[in-house]
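**Q** A predicted structure for the sequence below; I have some questions about it.
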Amino acid sequence: MLSRTRNYIVIFFLLSSFSPLATATFNLTFPNPDEVVQGVQRRVNASISRRQALQITQKDESTCLTGNPIDDCWKCDPDWPDNRQRLADCAIGFGQYALGGKGGEYYIVTDSSDDDAVTPKPGTLRYAVIQEEPLWIVFPSNMLIRLKQELIFNSYKTLDGRGANVHIVGGGCITLQYISNVIIHNIHIHHCVQSGEANVRSSPTHYGWRTESDGDGISIFGSKEIWIDHCSLSHCKDGLIDAVMGSTGITISNNFFSHHNEVMLLGHSDDYEPDSGMQVTIAFNHFGEKLVQRMPRCRRGYIHVVNNDFTQWEMYAIGGSGNPTINSQGNRYIAPSNPNAKEVTKRVETAEGHWQNWNWRSEGDIMVNGAFFVASGEGVEVKYEKAYSVEPKSAVLIEQLTLHSGVLGVGGRDNNLGKWSSGANGGGTGYGSGDENDDDDDYSDEMSGSNMALSPTFSLFIAMASFLLLYLMPPSML
């Protein structure tokens, strides 16, 4: 067996491939929305209860357990680099059935170029995402990928940026159109601009003319079974994440959003009826610095906003029109100093007589600095009074659950470094490679770093701690 003191990426190159997953039926039956909401809560409570039983605190560095059910599912396993596809079993919420590339072969991105959107080179990211078979896509080194056109995915793909500092910028950026089963994990996505008026390949057998794109970070268009986890998104032309045209079965979790105006759009238009069945879970995200609005902005559908930390907005946090159902539970809303922007919610271009029966509810949310949530709908128990916002246990819980939001490890926002300069891809230009006095931030998302986290020494440390915890754990908890 290979020694754990060797670099993980060497082990990864030697992993044997899994046989491709049999193609599943695209039109899956989705669970009852209330049952999925209850499932999220059960998994959160179970993870937190386990953490409390072990008397773990944030200051206890002998364990990585946080109470976040997604991270606790895979992150404390010291052998996670040898078992990357376990991640696909850790999703919660409406996107919990997203398989990504589970069961497929590993594809290693060795070329950061994006020179040809019609005939991409083997080794590039574009070549991987258009393939028909399931693929688990990984990166052996830090990488800055400057897209020339939209990066159009095929179904059954996982983009796994763990262990490297991966930035996607430029034209597009990511487009998920009429596909299913995609996982995007641990990627910086920023400075996405409009592109198009060009041919772009979407599969090995098809390419077509693309009109001008909106410049979204991630555009989800008529797609289902999608999970976006631990990404850092900022500075895009249009939305950071947009889900429209009947998209459903989506979980957006553990992400760090910053430096943007219209953050997230869910639903094509007030009159587009297929979006009435849209189901989206937004969980454990951090909505942070220099955000303005749309966190999210909902049209129709069922939106579960659970255990997020909203630390900044300029206009409002959650907005909607077209009678969406919004279920806000266990979030922290910190209002801006502007006395005219304290309200969390906004009914967009809709008179009160039309929205007073919409089902918008707030349960267990914490309101800080005068924030308030205007609930609506018959029989809704309103819980947005200021007295509830001072519960200290809930406040600590939110910080604990969202502590590691955004990109983990290499390039993580907690590294306190604005850029990386690794000479990515065999000596290619990386962040900070030019004039040290150059203040051009076009390709910096304020959250990238250069420290190698999840190193072999750290993993060995985690392994010893995990073994000790298992030894001390009573049989009833195993």
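**A** The structure has been received and is ready for your questions.

**Q** show me what contacts residue 85?
**A** 18, 101-103, 136, 158 (CB atoms under 8 Å, 6 or more residues apart in numbering). For every residue, glycine as well, the C-beta is placed using N, CA and C.

**Q** need these in JSON lines with secondary structure, can you?
**A** Putting these into JSON lines (DSSP: H, G, I helix; E, B strand; the rest coil) gives the following:
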{"residue": "18", "secondary structure": "coil"}
{"residue": "101", "secondary structure": "coil"}
{"residue": "102", "secondary structure": "coil"}
{"residue": "103", "secondary structure": "coil"}
{"residue": "136", "secondary structure": "strand"}
{"residue": "158", "secondary structure": "strand"}
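
**Q** which of these are buried, as a PyMOL select command?
**A** Of the contacts of residue 85, the buried ones go into a single PyMOL selection, burial set by 16 or more other CB atoms under 10 Å:
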select buried, resi 101+102+103+136+158
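
**Q** what's the farthest-apart pair in the contacts of residue 85?
**A** Across those, the longest distance by CB to CB is 12.1 Å; it joins 18 and 158.

**Q** residue 357: neighbour count?
**A** By other CB atoms under 10 Å, 10 other residues sit near residue 357.

**Q** next one: residue 289
**A** Neighbouring residues of residue 289 were enumerated by other CB under 10 Å; the total is 15.

**Q** any idea how far the residue lying closest to it once chain neighbours are set aside is from residue 332?
**A** Leaving out its chain neighbours, the residue that sits closest to residue 289 by CB to CB, 6 or more residues apart in numbering is residue 258, at 4.6 Å. In this view, residue 258 and residue 332 are 16 Å apart by CB to CB, to the nearest Å.

**Q** ok but residue 87 is inside a helix, no?
**A** Yes. Assigned with three-state DSSP, residue 87 falls within a helix.

**Q** contacting residues around the residue nearest to it when sequence neighbours are not counted?
**A** Spatially, and ignoring its direct neighbours in sequence, residue 87 is nearest to residue 74 (5.4 Å; CB to CB, 6+ apart). Residue 74 makes contact with 80, 86-87, 90, according to CB under 8 Å, 6+ apart.

**Q** for residue 74, give me phi and psi.
**A** Dihedral pair for residue 74: phi -130, psi -30, per degrees, to the nearest 10.

**Q** ok, it to residue 80 distance?
**A** On the measure of CB to CB, residue 74 and residue 80 end up 6 Å apart.

**Q** for these two, list the residues in contact with both.
**A** By CB under 8 Å, 6+ apart, residue 74 and residue 80 have these common neighbours: residue 86.

**Q** before we move on, back to that, would you check that the residue nearest to residue 289 makes contact with residue 291?
**A** Yes. The criterion here is CB atoms under 8 Å, and residue 258 meets it with residue 291 at 6.5 Å.

**Q** contact partners for residue 114?
**A** Residue 114 is in contact with 120, 124-126, 145-149, 151, 170, counting by CB under 8 Å, 6+ apart.

**Q** tell me how many other residues crowd residue 212.
**A** Using other CB under 10 Å, residue 212 is surrounded by 10 other residues.

**Q** correction: residue 75
**A** Counted with other CB under 10 Å, residue 75 comes out at 21.

**Q** which phi and psi does it have?
**A** The phi and psi values for residue 75, taken as degrees, to the nearest 10, are phi -70, psi -30.

**Q** so for it, what's the pLDDT?
**A** In this model, residue 75 is scored at 88, pLDDT.

**Q** check residue 386 too.
**A** 20.

**Q** what do you get for residue 359?
**A** For residue 359, pLDDT reads 88.

**Q** so what's it closest to, chain neighbours aside?
**A** Spatially, and ignoring its direct neighbours in sequence, residue 359 is nearest to residue 377 (3.9 Å; CB to CB, 6+ apart).

**Q** which residues touch that neighbour?
**A** Contacts of residue 377 by CB under 8 Å, 6+ apart are 357-361.

**Q** and if you look at residue 156?
**A** 21, 99-101, 104, 133-135, 180-182.

**Q** at 7 Å instead, please
**A** Counting by CB atoms under 7 Å, 6 or more residues apart in numbering, residue 156 makes contact with 21, 99-101, 104, 134, 181.
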